[in-house]
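In: Curious how this folds, go ahead:
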Amino acid sequence: MVTGMPGDHARTALAGSRFADLRWVESTGSTNADLLELARGGAPDGIVLVADHQSAGRGRLDRTWTAPAGSSLLFSTLVRPDLAPSDLHLLTTAVAVAASDACEAVAGVRPRLKWPNDLVVADGDGTDRKLAGILSESVVDGGEVRAVVVGMGLNVNWPATLPDDLAATATSLNHLAGHDVDREQLLVAHLRGLEVILAELASPGGREALIIRYRHLSATLGRTVRVELASGALVGQAVDVDDAGHLVVELGGELVPVVAGDVVHLRTQD
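Out: Take a look at the predicted model:
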């Protein structure tokens, strides 16, 4: 296990990389909120902020994210992307794929990806238990996206006994691997992988390569899903992730691309 001050090993391992500016704090309200403020002030690409505890962590749709101090990898990354506006949503995809790769490399656990922003692991009865969630937020100026902050909460070393509500829906790497997992080693593996994926994404053919990887890791394709939209709910079969990264749902023989929405995996009896 890594010893020393929090972040020391990771900073050494990431020296010279795109994500060398690693900042590790004991507690904050929200790492996303902190980096958004820095981004609005002109902070450069590549800053990573990690917190042992967040008092106001958020997920999509402003859901709260809570975890005992030091039990999860709670961090945000500031990216000033060299991407077409239509591809900016793929930053979330890139982070998800890199995180799944890191979990396998460090903990021997391969999470699958629930569209659009969760890492999940299926238990014995087919229930998807959430391992991580991702939240991407943009800084817009003059109608253009100037920066994107991508935050993640990844359950790493949770107590053996969980509250009933968490035990029914979530899991952690140590429960799955059978041993504690070093958060800094996990972070380094993730950021190294993310740097490679982002470089590929900005290159010709990079979007297509990322979508192929995402399809391979998808926990959503082939499932009956309910998609919660502002206009109402759609229930159908998730059949593809198209070349733009949108989920394609079959509804009564019609293929409907879903650009944004909250997806629920349904069982047959649902």
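In: ok now do Gly261, which residues does it touch?
Out: Each residue near Gly261 by C-beta atoms under 8 Å, 6 or more residues apart in numbering is listed here: 116, 227-229, 234, 247. All C-beta atoms are positioned from the backbone trio N, CA, C, and that covers glycine.
In: Adding distance to Glu208, write those residues out as TSV.
Out: Shown next, in TSV, are the contacts of Gly261 (distance: C-beta to C-beta, whole Å):
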residue	distance to Glu208
Pro116	18
Val227	24
Glu228	29
Leu229	27
Leu234	27
Leu247	17
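In: would you list the residues you listed in a markdown table and tack on distance to Gly261, neighbour count and pLDDT?
Out: Compiled in a markdown table, the contacts of Gly261 are given as follows (distance: C-beta to C-beta, whole Å; neighbours: other C-beta atoms under 10 Å; pLDDT from 0 to 100):
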| residue | distance to Gly261 | neighbour count | pLDDT |
| --- | --- | --- | --- |
| Pro116 | 8 | 23 | 87 |
| Val227 | 4 | 21 | 90 |
| Glu228 | 6 | 14 | 88 |
| Leu229 | 5 | 12 | 83 |
| Leu234 | 8 | 16 | 87 |
| Leu247 | 8 | 23 | 94 |
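In: of all the residues you listed, which comes closest to Asp164?
Out: Among those, Glu228 lies closest to Asp164 (C-beta to C-beta), at 24.3 Å.
In: how about the nearest residue to the closest one, chain neighbours excluded?
Out: Of all residues not flanking Glu228 in the chain, Asp262 sits nearest, at 4.1 Å (C-beta to C-beta, 6 or more residues apart in numbering).
In: Please identify the buried residues of the helix or strand harbouring Val50?
Out: Using DSSP states H and E, the secondary-structure element containing Val50 is strand 48-54. Neighbour-count burial for strand 48-54 flags 48-54 (criterion: 16 or more other C-beta atoms under 10 Å).
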